[in-house]
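A.B. asks: Attaching a predicted model along with its sequence, questions to come.
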Amino acid sequence: MRKIKLIFGISLLIISLNIWAQEVDTTLNISGVEVFGNHTENFQKIKITDNNRSKEDVGKILKQSPNINLIKRGNFATDPVIRGFKSDQLQLLSNGFMQTNPACPNRMDAPSSHIQMEDLESIEIIKGPYSVRYGMNTGGIVNFKSKDPQASEQYNYKLYAGYFYQSNGGSTDAQARVQISDRKYFFKLYGSLKDFGNYKSGNGTEILSSFKHKDYGAQAAWFLHPKHSLIFDWKQSFAEDVLFAALPMDGDFDDSSTGALRYLFKNPGQKLFKAELKAYGNWIDHQMSNHRRPNIKMVDAVAKLQSQTFGMRGDLSFKISKQHHLIFGVDYKMIAKQGDRERIIYFNPCSEMVMDPPKNMTDAIWQDSKQSDMGAFVESTWALSKEWTWNAGLRVDYVSSSIGEPAPDFQALYPDLEANNDMAVMVNSQLDYMMADGISLEWSIGLGQRAPELIERYINHLTVGLDTYEYVGNPNLKMEQNFQNDLQLNIKKEKVLLEVTVFYALIKNYIQANLDTTLSRKFMPCMEPKHAKRYENVEDARLYGFELASEYVFWKNISLYGSWAYTIGENKSMDEALAEIPPMEVNAGLKYQAKKWSARFNSRFVMAQDRISTSFNESASEAFQVFDFNANYRIWRGLNVSINIENIFDENYVEHLSRAYKNQIPGSNMVYWEPGRNFIMGLSFKF
């Protein structure tokens with residue numbers, strides 16, 4: 001069966017890559033991903049459909065783009081990895097400026113968990129340090145966009161409602177949105193209710209992964225004048241009883257609130273064609289515990305944590321000439337995190353002593369840490385000729401990180417604790433050459449920098465990785481720097497789309513947690529592993545690889561598509577592989593698109609990953625194949641029905657970036673814990 005599945009998928013890929021010479025009048029996109037550029041920046045764009053909205057969270061939608069993988073800790077709050085870059089190496093934003101930062105050190109509340117699926121229109125992706133407008137980054141940008149509010153000549157309203165059911169876990173997801181508008185005002189209200197149960201893996205094992213999630217949001221716009229607009233956003237999300245198979249604790253609740261205000265001034269002058277001022281604030285209240293775990297008989301642990309993120313940005317866009325545009329901007333962001341873990345110890349497994357009375361302990365987690373970032377940028381787009389376009393940007397950031405209440409042992413480890421101040425510089429250049437009609441070549445080069453995040457600087461003996469090691473922060477970390485080159489060939493004809501990209505990233509002071517035998521385990525020292533990991537700078541690291549994607553329409557509305565992506569990570573300083581780099585992946589599929597019907601069959605082949613880091617004590621992973629099918633049918637006007645079948649052959653597998661923690665059902669050691677076969681039925685209505 002494995003050979004049959006492998007031969008079938010590779011055949012689809014070969015066909016889609018090799019027959020692309022004919023032309024027909026149709027619009028192409030690669031598996032839902034559009035690849036194009038505009039006059040400000042180049043990005044990939046994923047359109048949101050009912051099939052997308054049926055996913056657990058937005059992280060799983062990102063996998064449509066080649067070379068994007070996910071860190072999965074459960075069935076909620078997945079974290080994207082782009083070409084091996086992850087967490088704070090990436091910037092994840094809503095509508096180009098709003099951000100959240102996890103209160104949980106294990107990222108149970110990753111930014112993806114706070115994106116409202118029911119209001120999402122598209123996702124824009126920039127792979128690499130090729131934009132200076134959205135803050136420091138070394139690996140790329142992911143911008144989750146909702147539709148911009150627009151005035152209407154007369155009173156107008158729109159409705160959307162959707163209901164989705166997943167068989168594997170008996171999960172339900174109800175979504176709704178309503179909006180009204182006229183010449184002066186715009187108002188939108190949206191929300192969803194999710195109730196997901198424990199799913200089963202390919203071999204029938206029940207995976208503790210259930211969660212409940214509800215959210216709502218509102219957006220109001222006041223069109224003061226044809227040139228002036230004022231936009232207000234407010235949204236809240238509430239997660240509760242979230243089980244994480246790969247973490248030592250589960251999420252009791254996670255409450256998030258975000259408010260934002262935008263002012264837009266269009267065409268204020270002959271040269272100045274747009275001015276924007278934006279401000280936002282996000283507050284997260286998070287609690288996790290081991291109350292659903294078997295070790296509750298030994299210790300009762302509860303962590304109550306908070307995170308706040310505040311930011312503002314101002315942009316001025318100038319039209320120097322028809323061929324030359326400039327954008328100047330300044331921005332500010334502040335992140336603050338607080339909270340401790342309270343433990344009631346009933347039994348000490350190391351001494352086998354019963355505590356009578358039980359012993360109470362308080363463990364510092366965030367140690368009242370803060371980070372502020374003040375930045376300024378300029379970006380230029382210049383159409384040099386009909387064939388040549390040049391995009392360039394420069395950004396400077398001043399970053400300050402501090403710890404307010406260090407734990408005694410952390411203070412002893414770093415006796416000279418003081419605020420860390422860093423100056424970051426980002427610069428990039430993109431040169432586009434239109435070789436012929438529909439054929440272009442793009443060369444991108446950039447320097448990206450970022451200051452270490454608060455976990456990397458200040459975490460104190462907590463299991464925040466994808467393994468059972470305790471991790472220790474390092475306030476003395478240097479800034480991470482990425483010198484990257486991309487060369488991309490695009491062929492976009494009426495019948496064919498082909499994109500080939502090669503990239504090479506030279507990373508200085510790469511931040512990675514390595515095993516440190518001078519640091520003993522702090523909690524339950526009698527158990528393995530005996531030592532902790534400490535965040536360190538790797539002086540010289542490399543990430544390089546390729547991405548290939550294509551689509552070919554071979555008959556009317558039927559097309560073949562395929563993609564192939566591979567990233568190699570090298571730790572040159574230690575002469576070994578970089579840790580946590582996803583393996584080679586091949587996707588191939590068949591797609592049908594008509595006015596009322598659409599259907600897609602997708603095959604995904606993931607190779608084994610045996611290029612692993614010895615210093616990180618990383619584990620290898622095995623190859624696997626997964627096949628999916630989805631279809632949509634428009635019953636009547638805006639009434640649509642959809643069906644997805646995920647993992648058709650009930651493959652029992654695990655992703656390389658997923659790990660299973662053993663503090664689950666006694667005697668279990670769940671390694672292959674990805675979902676088995678899953679039917680998703682959906683009904684939606686738009687008016």
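C.D. replies: Nice, I can see it. Residues are numbered from 1 along each chain as shown.
A.B. asks: From the centroid of the chain, which residue is nearest?
C.D. replies: Nearest to the geometric centre of the chain sits Pro80, at 3.5 Å (CA atoms, centre = their mean).
A.B. asks: Counting by contacts, list what the helix or strand containing Phe328 packs against.
C.D. replies: According to DSSP states H and E, Phe328 maps onto strand 324-348. Secondary-structure packing of strand 324-348 (3 or more CB pairs under 8 Å, 6 or more residues apart in numbering; DSSP states H and E): strand 299-319, strand 353-364, strand 369-383. (Glycine included, C-beta is placed from N, CA and C.)
A.B. asks: Can you show me the helices along the protein?
C.D. replies: With DSSP state H as the criterion, the chain has helices at 2-18, 50-53, 408-413, 454-458.
A.B. asks: What does the pLDDT read for Lys495?
C.D. replies: pLDDT, Lys495: 88.
A.B. asks: Hmm, I typed the wrong one, I wanted Ser16.
C.D. replies: In this model, Ser16 carries a pLDDT of 37.
A.B. asks: Now the terminal residues of stretch 111-126, how far apart.
C.D. replies: 17 Å (CA to CA, to the nearest Å).
A.B. asks: Apart from its neighbours in sequence, what residue is nearest Leu417?
C.D. replies: Leaving aside its chain neighbours, Leu417 sits nearest to Pro406 (5.7 Å; criterion: CB to CB, 6 or more residues apart in numbering).
A.B. asks: OK, contacts around the one you found?
C.D. replies: Applying CB atoms under 8 Å, 6 or more residues apart in numbering, we find Pro406 in contact with Ala364, Gln367, Tyr414, Leu417, Tyr458.
A.B. asks: Out of these, who's the most crowded?
C.D. replies: Among the contacts of Pro406, the one with the most neighbours (other CB atoms under 10 Å) is Tyr458, at 31 neighbours.
A.B. asks: just checking, it touches Asp368?
C.D. replies: No: counting by CB atoms under 8 Å, Tyr458 does not reach Asp368; the two are 9.4 Å apart.
A.B. asks: Quickly list what's touching both of those two.
C.D. replies: When contacts are counted by CB under 8 Å, 6+ apart, Tyr458 and Asp368 have Ile403 as shared neighbours.
A.B. asks: ok so, going back, now the residue nearest to Leu417: how far from Val464?
C.D. replies: Look at Pro406 and Val464: by CB to CB, to the nearest Å, they are 18 Å apart.
A.B. asks: same thing with Tyr672?
C.D. replies: Distance from Tyr672 to Val464, counting by CB to CB: 24 Å.
A.B. asks: out of the two, which sits in the more crowded spot?
C.D. replies: Between Tyr672 and Val464, counted using other CB under 10 Å, the more crowded position is Val464 (21 against 18).
A.B. asks: Name whatever forms a beta bridge with Trp388.
C.D. replies: Using DSSP bridges, the bridge partners assigned to Trp388 are Tyr433.
A.B. asks: actually Arg313, sorry about that
C.D. replies: Per DSSP bridges, the residues bridged to Arg313 are Lys278, Asp331.
A.B. asks: Settle this for me: it is touching Asp373, isn't it.
C.D. replies: No: using CB under 8 Å, Arg313 is not in contact with Asp373; the gap is 11.4 Å.
A.B. asks: re the thing from before, would you mark the buried spots in the strand holding Phe328?
C.D. replies: Buried residues in strand 324-348, counted by 16 or more other CB atoms under 10 Å: 325-327, 329, 331, 333-341, 343.
A.B. asks: Closest one of the residues you listed to Met298?
C.D. replies: Closest to Met298 out of the buried residues of strand 324-348 is Arg343 (10.1 Å), distances taken as CB to CB.
A.B. asks: Could you pull up the contacting residues of Val425?
C.D. replies: Per CB under 8 Å, 6+ apart, neighbours of Val425: Leu394, Arg395, Val396, Asp397, Leu447, Gln449.
A.B. asks: Please verify my assumption that the second one contacts Val427.
C.D. replies: Yes: distance between Arg395 and Val427: 7.4 Å, which falls inside the contact criterion (CB under 8 Å).
A.B. asks: of these two, who's got more company?
C.D. replies: Arg395 (27 against 16).
A.B. asks: Distance of the more buried one relative to Asn203?
C.D. replies: For Arg395, the distance to Asn203 - CB to CB - is 49 Å.
A.B. asks: Which positions within stretch 428-439 qualify as buried?
C.D. replies: Judged by neighbour count (16+ other CB under 10 Å), stretch 428-439 contains these buried residues: Asn428, Ser429, Gln430, Asp432, Met434.
A.B. asks: nearest spatial neighbour of the fourth one, skipping sequence neighbours?
C.D. replies: It stands for Asp432. Of all residues not flanking Asp432 in the chain, Thr389 sits nearest, at 4.3 Å (CB to CB, 6+ apart).
A.B. asks: Could you report the pLDDT at that neighbour?
C.D. replies: 94.
A.B. asks: Does Tyr332 touch Met374 like I think?
C.D. replies: Yes: assessed by CB under 8 Å, Tyr332 is found in contact with Met374 at 5.2 Å.
A.B. asks: related to what we said a few turns ago, so what sits against both of Arg395 and Val427?
C.D. replies: Residues touching both Arg395 and Val427 (CB under 8 Å, 6+ apart): Val132.
A.B. asks: how about low-confidence regions in the stretch 201-350 of the chain?
C.D. replies: Within the stretch 201-350 of the chain, no stretch has pLDDT under 70.
A.B. asks: coming back round to it: hey, least reliable of the helices of the chain by pLDDT?
C.D. replies: Least confident of the helices of the chain, judged by mean pLDDT, is helix 2-18 with a mean of 41.
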